[in-house]
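K.L.:
model the following, please.
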Amino acid sequence: MNAVMNKGQLPSGFEFRALQVFVVTAEQGSMTQAAKVLGLTQSGVSQIIAGLEETVGRQLFDRSIRPIVLTKVGQVLLRQGQKILGDLNSAFVEATESESGELASLSIAMPESLANVLGPRLYRRKGELARNWRISNGLMPDQRAKFNTHAADVMITEESNTSDMLDVDRYNLFTEPYVLIFPKQFAAAPELGAHLADSPFIRFSLRSSMGRQTEAQLNRLQLKYPSHIEFDSIVGHATAVSYGLGWGITTPLCLFQVPWAFDELSIHPILRGKFGRRMTLLARQQTLGSAPRVIVDECRSILEEEVFPQLLTHLPWLEGSFKVGED
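P.N.:
Predicted coordinates for the structure are as follows:
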């Protein structure tokens, strides 16, 4: 590989799009998964990465290891690439912000359990924040890739996913408990214990925060359950339980998206080994002005005024289980 570059000049043929593809691939740990996130083919991603390596004059990934890992040069480019993409996004935001403070665009990435609940309500209340909105949902690796490559301006995720993220402002949105869901005519005792091993456990994918949190808690409790199917989709998960195919663990906000679930499922608190999730909003420091603060306050209001009261009408035993964040 040869690259001719004078000090202070970018290499000939360098494209920012290639840098974005590289950062997403590094974050995803797979060209195949990066292609899904970017809407490209796997071969297209591979060609772009190869072209960037040709431009840089060094290998960025060690392809002899599976999954692929970054070389030392790749690690340096990833750190700097994330910063460059962030600065570029900030420049566009500042350049396109209107005199009234309205943003040209606002992209928010969040899990499915929040996108369908908070997304439309947030836009209804605060649509004047930006001329164009994009509310995207997906599993954590996809959300993080969007945020790190600045395809998303704001990310809402479970707090434990953010511990290694630097140069971001964090806002605690809310906490909620996990609950047990069973078919309406479930015979076994509706509590978490070894006796449930006799019935199939319907899981959430380990690519989801809920799936990983649940498995971690079950391991701490030394509980092993048979499972033959898992879901990324909240609707699919609840529907499978309603069909009598097994039982599951979910959250009240997930059930809020499937109103029929309150009539067709048997829903119970987790008493032994109870646990919950803490949702956090992340925004890059000094890039969106007052918008993150407005979004946080409005999301909290939506939960307190519209969502939690409705949940309590169905599940009054949840009283005191929700907590809206404070800064």
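K.L.:
before we move on, what SS does L180 have?
P.N.:
The local conformation at L180, judged by DSSP: H, G, I helix; E, B strand; the rest coil, is strand.
K.L.:
just the pLDDT at it, thanks.
P.N.:
At L180, the pLDDT value in this model is 97.
K.L.:
ok, it to L315 distance?
P.N.:
12 Å (Cβ to Cβ, to the nearest Å). In short, each C-beta sits where N, CA and C put it, glycine included.
K.L.:
and for these two, which residues touch both?
P.N.:
With contacts taken as Cβ atoms under 8 Å, 6 or more residues apart in numbering, the residues that reach both L180 and L315 are I267.
K.L.:
same drill for those two, tell me which one is more crowded.
P.N.:
Legend: neighbour count by other Cβ atoms under 10 Å for L180 and L315, higher for L180 (21 against 17).
K.L.:
what's the closest non-adjacent residue to that one?
P.N.:
Setting aside the residues directly before and after it, L180 is nearest to H268 in space (Cβ to Cβ, 6 or more residues apart in numbering), at 4.7 Å.
K.L.:
that neighbour belongs to a helix?
P.N.:
No. Assigned with three-state DSSP, H268 falls outside any helix and is strand.
K.L.:
what is the strand or helix carrying H237 packed up against?
P.N.:
H237 belongs to helix 234-242 when assigned by DSSP states H and E. Contacts defined by 3 or more Cβ pairs under 8 Å, 6 or more residues apart in numbering; DSSP states H and E place helix 234-242 against strand 179-183, strand 201-204, strand 247-250, helix 252-256, helix 261-264, strand 265-269.
K.L.:
repeat the analysis, applying 7 Å as the threshold.
P.N.:
Helix 234-242 sits against strand 179-183, strand 201-204, strand 247-250, strand 265-269, with contacts defined as 3 or more Cβ pairs under 7 Å, 6 or more residues apart in numbering; DSSP states H and E.
K.L.:
let's have these in CSV, adding distance to D169.
P.N.:
CSV is the format used below for those (distance: least, Cβ to Cβ, whole Å):
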stretch, distance to D169
strand 179-183, 31
strand 201-204, 28
strand 247-250, 29
strand 265-269, 33
